[in-house]
Structure formats: C-alpha cells, structure tokens
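Chemist: Would you be able to build a 3D model of this:
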Amino acid sequence: QEADTIIVTGHSLWFRTFFQTFLCGSENHFACKKSKMKNAGVVTFNLIRISPEDAGEPKYMIEPNSLQSVFPTEDAGGAFERSK
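Modeler: Here you go, the predicted structure:
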C-alpha cells in the first residue's frame, strides 16, 4: 500500500529493534539503537525504499539525517532514555 505518512504506535523495545534493523551505521543515533524510548516518546523519520537493480526484493532503511525527537524535544532530553 502506498502512503506518504504512516503513524506507528508500539512498545519501546519493539522500536529499539526496529531502529537496530533499519537505521544503519550512524554514530549520531546510538541512543535509539541501544536504549528504549521513553513512555509517550515521539520521533519522526523518513523511511526510504531501495530497489535493487536485479529486480529482487526491495530493502528499506531510515534516512539517518531525518530522525528527530518530537516529544520530548531534544532540549528536554529527547525521546530515548539515557544509559544509567
């Protein structure tokens, strides 16, 4: 199904696994790959589709520079819990 905007809700540990899978090699986003989201945390990002040249199955990834914390804002500590 084609869509410009998708809203997803779920458990913070599910989101951590999602980021580990689809957010590749970004040191700037270490917290979202290793920490869980705060309760009621909200982030936004662009999910891009990469179509292989050999017409195989498409792959998906988060565009690293598009990931932003919406609530709480980065100034308020961001959407991810800090390691203790």
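Chemist: For residue 67, grab the count of nearby residues.
Modeler: Neighbours of residue 67 under the rule other C-beta atoms under 10 Å: 18. In short, each C-beta sits where N, CA and C put it, glycine included.
Chemist: wait, doesn't it sit right on residue 33?
Modeler: No: using C-beta atoms under 8 Å, residue 67 is not in contact with residue 33; the gap is 10.7 Å.
Chemist: Can you pull the residues that touch both of these two?
Modeler: residue 23 (C-beta atoms under 8 Å, 6 or more residues apart in numbering).
Chemist: Do you have the strands of the chain handy? List them.
Modeler: Applying DSSP state E to the chain gives strands spanning 42-44, 47-50, 59-62, 68-71.
Chemist: average pLDDT across the shortest one?
Modeler: The one in question is strand 42-44. The pLDDT scores in strand 42-44 average 90.
Chemist: repeat for stretch 64-84
Modeler: For stretch 64-84, mean pLDDT rounds to 81.
Chemist: Restrict it to CA atoms and write it as CSV.
Modeler: Taking C-alpha atoms only, stretch 64-84 is exported to CSV below (Å, rounded to 0.1, in the frame of the first residue of the first chain):
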residue,chain,number,x,y,z
PRO,A,64,19.8,8.8,9.1
ASN,A,65,19.6,12.6,8.9
SER,A,66,15.8,12.6,9.0
LEU,A,67,15.5,11.1,12.6
GLN,A,68,14.2,13.7,15.0
SER,A,69,12.8,13.6,18.5
VAL,A,70,9.4,15.3,18.6
PHE,A,71,8.4,14.7,22.2
PRO,A,72,10.2,15.2,24.5
THR,A,73,12.2,17.6,22.4
GLU,A,74,16.0,17.3,22.2
ASP,A,75,16.3,20.3,24.5
ALA,A,76,14.2,18.4,27.1
GLY,A,77,16.3,15.3,26.9
GLY,A,78,14.9,13.6,23.8
ALA,A,79,12.6,10.6,23.3
PHE,A,80,15.2,8.0,24.4
GLU,A,81,16.3,7.0,27.9
ARG,A,82,19.9,7.6,28.6
SER,A,83,22.0,4.7,29.7
LYS,A,84,22.4,4.6,33.5
